[in-house]
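Visitor: Predicted model and sequence follow; I will ask about them next.
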Amino acid sequence: MATAKSTDNLYDPRRGGEAVRLDTLRIDGDPYEPARTNYFTVYLIESGSGTFWADAAEFAFGPSCVLFFVPYQHIRVVPDSQVRGRVIQFHANFLCVETFHTDVGCSGILFNDPYGIPVVSFDEQMETKVLSLIDDLQNEQADRELAFEEAMLAHLKVLLILATRLKSSNAGACGASVHDPQHPLLIELRDLIEEHYCSLHAPADYAALLHVTAKTLGRIVRENLGTTPTELIRARVLTHAKWQLLHTLRPVKEIAREVGFNDELYFSRLFKKATGYSPTFFRAFETEIRGGSNLSMTSSHAPIPPPASDADTASRTKPKQTET
């Protein structure tokens, strides 16, 4: 089990942790690698530029951009100049992104889309609105007046709605113009990974199904998504595994076998490398701080939200579920 020190950056209400927290962002010359956290994290970049990594995916950013990260993700920022901005972090206990997605569609557009770019850029007018919302969040947290948490939740939801509108309308992405793959081969790849991720883990298998070489597939994925086919497959496997660990009491060995790993120890090492923690710790810790509410959900298949074109239909038909 992880030591107390290694969990200092995790939200834990038993130690007085707050389910939402705000801070300033200051990155001056050196690469910045924050500790892994179980918060959803939003960086508003007011000035500066550079490159950031979300796990193994690499993207560029500039001023007036917002970057979105999911819990337990490895983040690395390499600035080209001084970076200044704001940070918002919130746990699922404060805002369930997956449930909120049912109403808004932010999961799969802003968060939890291994096939997209987790960046939205604002024009000057929209940035003013976003900064005002963040100021309101900070004031509510500082003043702690009647129902301040409900007010903070409302401000955060509006911020995510504004970002989702921009991203889904193709008006606000840095780099590629939308969160879904532009290259037709990537659309096919996404469908194939969804169909085979539990049994096919090698990029060469998908390249064969797409009738291209593994080298060609790798180049297209890198140029369009900033990552590799291996990482796309692995991310999908881990999404499924995290869902099962959070929402069921099935043994780790059984979950590992379901996603194609007969060696439980190898699967556990892979999971720990991706999240910073073992599957056993991940399940026990998150279940305890959520009060067991996550176990009220049942699912045999970890969901990935559909592309924006299908979001309206899905939001009317898909049951509400808690995010990973």
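Guide: Structure received.
Visitor: where are the low-confidence patches of the stretch 1-150 of the chain?
Guide: 1-6, 98-107 (pLDDT under 70).
Visitor: quick one: the strands in it?
Guide: 20-27, 40-47, 50-54, 57-61, 65-69, 75-79, 83-90, 119-121 (DSSP state E, counting those that start in this stretch).
Visitor: Now do the last one: which elements does it pack against?
Guide: Read it as strand 119-121. Counting contacts by 3 or more Cβ pairs under 8 Å, 6 or more residues apart in numbering; DSSP states H and E, strand 119-121 is packed against strand 65-69, helix 148-168. (Glycine included, C-beta is placed from N, CA and C.)
Visitor: care to break this protein down by domain?
Guide: Following automatic domain parsing, one finds the domains of the chain at 5-168, 184-317.
Visitor: among the ones you listed, which is the most enclosed?
Guide: Among these, domain 5-168 has the highest mean neighbour count (mean count of other Cβ atoms under 10 Å), at a mean of 18.
Visitor: tell me the contacts of residue 234?
Guide: By Cβ atoms under 8 Å, 6 or more residues apart in numbering, the residues touching residue 234 are 201, 270, 274.
Visitor: where does the stretch 201-324 of the chain dip in pLDDT?
Guide: Across the stretch 201-324 of the chain, the ranges flagged by pLDDT under 70 are 296-324.
Visitor: next one: the host helix or strand of residue 257 to chain centre, how far?
Guide: Assigning secondary structure by DSSP states H and E places residue 257 in helix 252-258. Centroid separation between helix 252-258 and its chain, computed with Cα atoms, centre = their mean, to the nearest Å, is 23 Å.
Visitor: C-terminal to it, what's the next element?
Guide: helix 264-275.
Visitor: can you list the residues that contact stretch 259-272?
Guide: By Cβ under 8 Å, 6+ apart, the list of residues contacting stretch 259-272 from outside reads 197-201, 234, 237-238, 240-241, 252-253, 255-256, 278-280, 282.
Visitor: do the same with stretch 130-142
Guide: Defining contact as Cβ under 8 Å, 6+ apart, one finds that stretch 130-142 is touched by 20, 22, 44, 46, 66, 86, 88, 122, 148, 151-152, 155-156, 158-159, 162-163.
Visitor: residues in contact with residue 282?
Guide: Taking Cβ under 8 Å, 6+ apart, we find residue 282 in contact with 72, 242, 245, 246, 271, 275.
Visitor: in the stretch 151-300 of the chain, which spans are helices?
Guide: For the stretch 151-300 of the chain, the helices defined by DSSP state H, counting those that start in this stretch occupy 184-196, 203-210, 214-225, 229-247, 252-258, 264-275, 279-289.
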